[in-house]
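# the sequence and its predicted three-dimensional model are supplied below.
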Amino acid sequence: MERLLKYKKQILMFCLVLAALAAFGATLRLGFIWDDHQFIEANPYIKTWTPANLKHAFLSDPFNQALNYYRPFQTLSNMLDFSIWRLNPFGYHLTNLAFHAAGALLVFALMGELGLGCAAAFLAALFFAVNPTGIEQMIIVAGRAELASSAFTLASVLLFLRRGYAFSFLAFLMALGFKENGIITPLLTALSLWFLGKEKREYLKLLPFLLPIPFYLWLRHAATGAGPLDTGAAAFLLQAAKKLPPAGLVYIKNAILPLNMHSHRMQPDFAPWFYAAYVFWALFLAALLRYRARAALFSKGPKCGARTAAFAFGWYFIALAPKFPLLAGGDLMLEHWTYLSNLGLYLGAAMAAALGLRIGGLKRAAALACAGVLALFWLSAANANILLRSTDLKIYEHAARYSGSKPMLYNLAREYYLAGRFDKSRALLERVSSLDPENTLYLNGLALSLWKTGAKNEAAALLDRVLVRQPDSAETLINRACLFMEEDAFSGAERLFKRAIEKSPGSEAAYDMLAELYLKQRKEAQALAVYEALLRLDPYNQEALNNAGIINAKNGRYDAAGALFKRVLEIEPGSKSAAMNLERLESLKKPAIEHRREIN
């Protein structure tokens, strides 16, 4: 028993890792889902460590579409994962799970550093480890930014409190590089200093942390073209006052009862209960101010209940602050946006349970039972949600039960299209296109579904109309060329594919389809040249490697073909097509070798 007490902290940390694994370990069996296909599988910039790719990581968004995402360190972590795992999704999911487990351990250490006691620190970390709020960020590898940024933020706060200022600063930079959430790290550190009742000179040590923020914001704007308040400050404040109070109550309810977790959660429409939300927050803040008036709020030390409540509320508010522009300016309220801020809720629940554990008797047993039931409930909810959203089709079908988000419905239509369920795809695309008739993405999808359901003239006419409005749209050029190709109008298809490559030199789909067009015309030399150009763009494109290998094999260039097939197997050791092609190549080489022997 004495030995167990000696290693109590290490045992509790091991239990936290086991809890995180029990809650989210099922994600290790998942493949690439949703954004992962573009973010990882089809992203040539993560597959080689070159100066150009490193520059791209810091001067562009990770989706290569000029979107409002700036994640340079996430891109670098994907590059590292690819170097180790190639395109094996297990390794990528393992990295995400490791960041989450590290976050739970850091919560345990930070709560202990704040003087909350071992029981409260462990329970807060346990709730963080098993609550399914961040589940989408582990189902989808592309969600790593939230997990990693949160872990580095926690590490920065902890290291600062332990006077490791240089390492705290580095962790802060890492948090920023993974996601803009990291910008609130100095505020959370200041809140922790206040909670501990530190002297004012301790706050001055945070000044160096403010220096990189303007440079980061400039770099982020240069890479994405987006600013924090693009809608204007006045409009932001108005919408924030209207939307944030009810959104906060919805988030708290979903954290406690995560029964319908899904992607693309829409903000609730304005309703009478919104007034109750405003009253709730007004009363809550009034209570905090009342404690302040009585000086209880400023009693130093974590054992003051009012001070702990203020710290928990402050943590929740500050950690959610980077999402305020998104909540105020949009109609979504994604679950994972409260991944780090929910620690304020876990802290409140943990302190209540720890108080019951100190009392003893039946109250101690009740507190232990409540904490255990809550943790098991959240753990079970996490596993159930993983089962509900384990594939692309499942994740969108599940979301469609709760949300009418246009992007989500488009993605669901795309999955139906890929599954050959063209009628369902067409119905959804007609719906979203009617809601947003100028959206090029939706119109392209609708045109393809029209084609597959027999409305070929209507499909071609729709793409032609889009090209009149946007003549340089690479996606529309490719789709229109594909329709030409299916009608054997090869010259028209070739012209549009080449134009798509000219307008979008990084479009792998344009190269791939142009090569397929040449193969359809038995122009193998031209097809091989296109595949070679594509492989210069993306040396890890498995389809190009396989097809180039087949062309080389057909023309007797067995060594070149074998090298290409082996390259595919290096990237994805389980590739059945590459293994089969290599096996066929060996059977082709034997007669050639015997023939050379007869000649000699």
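On my side now, so go ahead. Just so you know, these numbers come straight off a predicted model, no measurement behind them. Numbers count the residues shown, from 1 in each chain.

# the bottom helix or strand of this structure by mean pLDDT?
Least confident helix or strand, the chain: helix 2-6 with a mean of 56, by mean pLDDT, DSSP states H and E.

# nearest residue to residue 533 other than its sequence neighbours?
Spatially, and ignoring its direct neighbours in sequence, residue 533 is nearest to residue 511 (6.3 Å; CB to CB, 6 or more residues apart in numbering). Just so you know, the C-beta spots here come from the backbone N, C-alpha and C atoms, and that holds for glycine as well.

# scratch that, residue 212
Closest residue to residue 212 apart from its sequence neighbours, by CB to CB, 6+ apart: residue 173 at 6.5 Å.

# mind checking what helix or strand follows the least confident helix or strand of the chain in sequence?
helix 8-24 (DSSP states H and E).

# give the buried residues for that following helix.
12, 13, 16, 17, 19, 20, 22, 23, 24 (16 or more other CB atoms under 10 Å).

# pretty sure the first one contacts residue 107?
Pointing back at residue 12 there. No. Contact criterion CB atoms under 8 Å: residue 12 and residue 107 do not qualify, at 11.9 Å.

# where does pLDDT dip in the stretch 501-600 of the chain?
Scanning the stretch 501-600 of the chain with the threshold set as pLDDT under 70 gives 589-600.

# quick one: residue 332 from residue 408, how far?
From residue 332 across to residue 408, the span is 10 Å (CB to CB, to the nearest Å).

# any common contacting residues for these two?
residue 264 (CB atoms under 8 Å, 6 or more residues apart in numbering).

# give me the most central residue, this protein.
In the chain, the C-alpha nearest the mean C-alpha coordinate belongs to residue 143, at 1.9 Å (CA atoms, centre = their mean).

# surely it meets residue 337?
No. Residue 143 is beyond contact range of residue 337, at 11.4 Å (criterion: CB under 8 Å).

# distance of residue 501 from residue 492?
15 Å.

# no no, residue 389
On the measure of CB to CB, residue 389 and residue 492 end up 41 Å apart.

# more neighbours, those two?
residue 389 (25 against 14; other CB atoms under 10 Å).

# give me the below-cutoff pLDDT ranges for the stretch 351-500 of the chain.
In the stretch 351-500 of the chain, residues with pLDDT under 70: 360-361.

# what about the helices in it?
361-388, 392-400, 406-418, 422-435, 440-452, 456-469, 474-486, 490-503 (DSSP state H, counting those that start in this stretch).

# what angle do the fourth one and helix 440-452 make?
The reference is to helix 422-435. 150 degrees (axes from the mean of the first three to the mean of the last three CA atoms, to 10 degrees).

# packing partners of helix 422-435?
Counting contacts by 3 or more CB pairs under 8 Å, 6 or more residues apart in numbering; DSSP states H and E, helix 422-435 is packed against helix 406-418, helix 440-452.

# and that helix, C-alpha only, in CSV?
The C-alpha trace of helix 422-435 is given here as CSV (Å, rounded to 0.1, in the frame of the first residue of the first chain):
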residue,chain,number,x,y,z
PHE,A,422,-27.6,9.1,-58.3
ASP,A,423,-31.3,9.8,-57.8
LYS,A,424,-30.7,10.6,-54.1
SER,A,425,-27.7,12.7,-55.0
ARG,A,426,-29.7,14.7,-57.6
ALA,A,427,-32.6,15.4,-55.2
LEU,A,428,-30.3,16.8,-52.6
LEU,A,429,-28.3,18.9,-55.1
GLU,A,430,-31.4,20.4,-56.6
ARG,A,431,-32.4,21.4,-53.0
VAL,A,432,-29.1,23.1,-52.1
SER,A,433,-28.7,24.7,-55.5
SER,A,434,-32.1,26.3,-55.2
LEU,A,435,-31.1,27.7,-51.8
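
# contacts for that helix?
Contacts of helix 422-435 (CB under 8 Å, 6+ apart): 406, 409-410, 412-414, 416-417, 439, 442-443, 445-446, 449-450, 452-453.

# cutoff 10 Å now
Contacts with helix 422-435, where a contact means CB atoms under 10 Å, 6 or more residues apart in numbering, come from 396, 400, 404-419, 421, 439, 441-455, 462.

# likewise the shortest one?
Contacts made with helix 392-400 from outside it, assessed by CB under 10 Å, 6+ apart, are listed as 31-34, 36-37, 136, 139-140, 260-265, 385, 387-391, 403, 405, 408-416, 418-419, 421, 428.

# just the buried residues of those residues.
31-34, 36, 136, 139-140, 261-265, 385, 388-390, 403, 405, 408-416, 421, 428.

# quick one, domains of the protein?
Here the domain parsing of the chain from automatic domain parsing is 12-246+257-393, 542-600.

# so for residue 480, which of those domains sits nearest?
domain 12-246+257-393 (20.4 Å; CB to CB).

# now the closest one, how far from the chain's geometric center?
13 Å (CA atoms, centre = their mean, to the nearest Å).

# next one: stretch 428-444
On CA atoms, centre = their mean, the centre of stretch 428-444 falls 25 Å from that of its chain.

# that one: end-to-end distance?
13 Å (CA to CA, to the nearest Å).

# and whatever helix or strand residue 536 lives in, which residues are buried?
According to DSSP H and E, residue 536 maps onto helix 524-537. Neighbour-count burial for helix 524-537, with 16+ other CB under 10 Å as criterion, is recorded at 524, 526, 527, 528, 530, 531, 534, 535.

# for the second one, list the residues it contacts.
Looking back up the chat, that one is residue 526. So residue 526 contacts 494, 514, 515, 517, 518, 519 (CB under 10 Å, 6+ apart).

# quick check: residue 256 touching residue 250?
No. Using CB atoms under 10 Å, residue 256 is not in contact with residue 250; the gap is 11.2 Å.

# neighbours of the residue nearest to residue 212, how many?
17.

# check the one 4 residues further on too.
Around residue 177 there are 24 other residues, counting by other CB under 10 Å.

# what does residue 218 give?
Residue 218, neighbours per other CB under 10 Å, totals 10.

# what's near enough to touch it?
Taking CB under 10 Å, 6+ apart as the definition, residue 218 has no contacts.

# element containing it, please.
Counting by DSSP H and E, residue 218 is found in helix 212-224.

# got the buried residues for that helix?
Buried-residue list, helix 212-224, by 16+ other CB under 10 Å: 216, 217, 219, 220, 223, 224.

# test my guess that the fourth one contacts residue 182.
No. With contact defined as CB under 10 Å, residue 220 does not reach residue 182; the gap is 11.4 Å.

# got any residues that touch both of the two?
residue 176.

# sorry, back to before: can you tell me which of the domains of the chain the model trusts least?
With a mean of 77, domain 542-600 has the lowest mean pLDDT of the domains of the chain.

# off-centre distance for it?
38 Å.

# tell me how far residue 40 lies from residue 57.
14 Å.

# shared neighbours, those two?
Common neighbours of residue 40 and residue 57 (CB under 10 Å, 6+ apart) are 46, 78.

# ok so, going back, dump the helices of the stretch 351-500 of the chain to a markdown table, plus distance to residue 342.
Below are these laid out as a markdown table (distance: least, CB to CB, whole Å):
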| stretch | distance to residue 342 |
| --- | --- |
| helix 361-388 | 11 |
| helix 392-400 | 21 |
| helix 406-418 | 23 |
| helix 422-435 | 32 |
| helix 440-452 | 33 |
| helix 456-469 | 43 |
| helix 474-486 | 38 |
| helix 490-503 | 44 |
